[in-house]
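Participant: Please work out how this folds:
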Amino acid sequence: VQLQAFGGGLVEPGGSLRLSCATSNFTLAVYAIGWFRQAPGKEREGVSCISIGGKPGLYGDSVKGRFTSSRDDSKNTVYLQMNSLKPEDTAAYYCATCGYGDSIYNTTYWGRGTLVTVSS
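Facilitator: As a prediction, the model looks like this:
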């Protein structure tokens, strides 16, 4: 395991949650870091990819305007702020090094996920 996602849990529809991604194995600052999710029975989906230095990257269409990724390189941590959560956001969320073009893809490192459940 290279990266670890934290902060998942149970939240009601319309609520918010903030995930964190950290590692003690290498410096995140030199990588673009992304969030991916996978719900049971569905394909893995790229949620966001934030560039080096915090420059805007790319968000998946399903989360645009609701999710925001940020990074604090002094803490070697990347965040995913999730607002206006919907039941269809329920999934295991993973952080990983990323790249993007028309879509978000995983590059070198992957991580251990955290489960987000959106339900009333």
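Participant: other SSEs contacting the helix or strand bottoming out on mean pLDDT in the chain?
Facilitator: Across the helices and strands of the chain, mean pLDDT, DSSP states H and E gives its lowest value to strand 111-112, namely a mean of 90. Based on contacts counted as 3 or more CB pairs under 8 Å, 6 or more residues apart in numbering; DSSP states H and E, the elements that strand 111-112 packs against are strand 3-6, strand 91-100. Every C-beta, even on glycine, is put in place using the N, C-alpha and C of the backbone.
Participant: Quick check, pLDDT for the residue nearest the centre of the chain.
Facilitator: By CA atoms, centre = their mean, the chain has its centre lying nearest to residue 35, at 2.6 Å. Model confidence at residue 35, given as pLDDT, is 97.
Participant: so where's the protein shaky on pLDDT?
Facilitator: Per-residue confidence of the chain (counting by pLDDT under 70) places the weak regions at 1.
Participant: So which residues of it form strands?
Facilitator: For the chain, applying DSSP state E gives strands covering 3-6, 9-11, 17-22, 33-38, 45-50, 58-59, 67-72, 77-82, 91-100, 104-106, 111-112, 114-118.
Participant: Give me the sheet partners of the fifth one and which way each runs.
Facilitator: Same thing as strand 45-50. Sheet partners assigned to strand 45-50 using DSSP bridges are listed as strand 33-38 (antiparallel), strand 58-59 (antiparallel).
Participant: rewinding a little: let me know which of the helices and strands packed on strand 111-112 is tucked in deepest.
Facilitator: Counting by mean count of other CB atoms under 10 Å, strand 91-100 has the highest mean neighbour count of the helices and strands packed on strand 111-112, with a mean of 22.
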